[in-house]
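Engineer: okay, here's the prediction I keep looking at, along with the sequence it came from:
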Amino acid sequence: MKQISTVLFDLGNVLAYIDFNAFWHDLGFLRAEEIAPFRDGYTSLTLQYETGYISTDAYLNGLRTVFNNKFTIIQLEQAFSCIIQQPVEGMTDIVKRVSTIHQTALVSNTNEIHYKLSLMKFEGLKFFQKHYLSYQLHMMKPERGFYNAIIKDQGIHPSQLLFIDDIAENVKAAKSAGMQAVKFEGTVQLETNLKTLAIL
């Protein structure tokens with residue numbers, strides 16, 4: 001096994017807690033039956049936004065249409081921003097420590113609104129040398145192309161990359177692409193894994 005050169009960190013529920021239901025709750029939808037008429041339209045539009053095929057303006061205007069013009073652009077952007085919650089405790093410190101020894105990068109299925117908000121809210125993001133984002137790559141984890149784009153840009157053997165994500169499917173895909181990978185289950189577990197791999 002090759003020595004790890006770059007450590008790749010996911011954003012959602014690794015560096016920052018996310019709550020997808022916060023979007024609906026902020027708009028006043030508290031029950032599944034209230035959400036149901038709008039869920040498919042919201043999901044389809046958000047997928048286009050997170051793969052970078054529509055702009056932020058197009059996304060927010062599209063949401064207005066999905067919700068039959070019931071909400072303003074400002075209300076919708078505020079509700080969508082609520083999905084990004086507080087930092088995961090201890091992760092800024094881990095990222096800072098890893099970044100003093102190894103190259104590090106952010107790897108996230110995200111969008112322009114959430115990314116810009118995260119840059120303002122989470123100190124840990126400033127330590128990364130690279131940010132690999134679905135809306136810029138026009139691909140999402142666990143698509144093989146997402147991992148291949150990272151491997152190509154890094155210019156090293158995939159086994160020299162360590163991928164950290166909270167979703168088992170994404171971790172499995174990283175391993176299939178030849179990367180080393182760890183499923184995130186908390187900071188204590190991650191620190192143990194990083195020490196075992198001689199990262200820390």
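Structural biologist: Received it, and whenever you're ready, just let me know what you need. Numbers count the residues shown, from 1 in each chain.
Engineer: only C-alpha atoms for contact and neighbour calcs from this point on.
Structural biologist: Noted.
Engineer: so residue 3, which of the three states?
Structural biologist: Following DSSP: H, G, I helix; E, B strand; the rest coil, the label given to residue 3 is coil.
Engineer: whoops, residue 141 was the one
Structural biologist: Assignment for residue 141 (three-state DSSP): coil.
Engineer: just give me the residue closest to the centre of the protein.
Structural biologist: Nearest to the mean C-alpha position of the chain, by CA atoms, centre = their mean, lies residue 108 at 3.1 Å.
Engineer: what's the pLDDT at that residue?
Structural biologist: Looking at residue 108, its pLDDT stands at 98.
Engineer: I'd say it and residue 136 touch.
Structural biologist: No - applying CA atoms under 8 Å, one finds residue 108 not in contact with residue 136, separated by 10.3 Å.
Engineer: same for the longest helix seen in the chain, what does it pack against?
Structural biologist: Assignment by DSSP state H gives helix 32-50 as the longest helix of the chain. Packing contacts for helix 32-50, counted by 3 or more CA pairs under 8 Å, 6 or more residues apart in numbering; DSSP states H and E, involve helix 56-66, helix 134-137.
Engineer: so what does the first one touch, helix or strand wise?
Structural biologist: Helices and strands touching helix 56-66, by 3+ CA pairs under 8 Å, 6+ apart, are helix 32-50, helix 73-81.
Engineer: nearest to residue 156, of those?
Structural biologist: Among the helices and strands packed on helix 56-66, helix 32-50 comes nearest to residue 156, with 27.1 Å by CA to CA.
Engineer: could you pull up the mean pLDDT of that closest one?
Structural biologist: Taken as a whole, helix 32-50 carries a mean pLDDT of 98.
Engineer: going by neighbour count, which residues of that helix are buried?
Structural biologist: Of the residues in helix 32-50, 42, 45-50 count as buried by neighbour count, 16 or more other CA atoms under 10 Å.
Engineer: so what's the gap between it and the chain middle?
Structural biologist: Offset of helix 32-50 from its chain centre (CA atoms, centre = their mean, to the nearest Å): 19 Å.
Engineer: got the contact list for that helix?
Structural biologist: Contacting residues not belonging to helix 32-50 are listed as 24, 29, 54-56, 59, 62-63, 66-67, 109-112, 134-135, 138, 140 [CA atoms under 8 Å, 6 or more residues apart in numbering].
Engineer: for the closest residue to residue 141 other than its chain neighbours, grab phi and psi.
Structural biologist: In this structure, residue 141 finds its nearest non-sequential neighbour in residue 170, 6.0 Å apart by CA to CA, 6 or more residues apart in numbering. Main-chain torsions, residue 170, degrees, to the nearest 10: phi -70, psi -40.
Engineer: same question for residue 178.
Structural biologist: Dihedral angles for residue 178 - degrees, to the nearest 10 - are phi 100, psi 0.
Engineer: that one: what's it in contact with?
Structural biologist: Contact partners of residue 178, counting by CA under 8 Å, 6+ apart, are 158-159.
Engineer: coming back round to it: the residue nearest to the centre of the chain and residue 139, how far apart?
Structural biologist: For residue 108, the distance to residue 139 (CA to CA, to the nearest Å) stands at 10 Å.
Engineer: alright, calling it a day.
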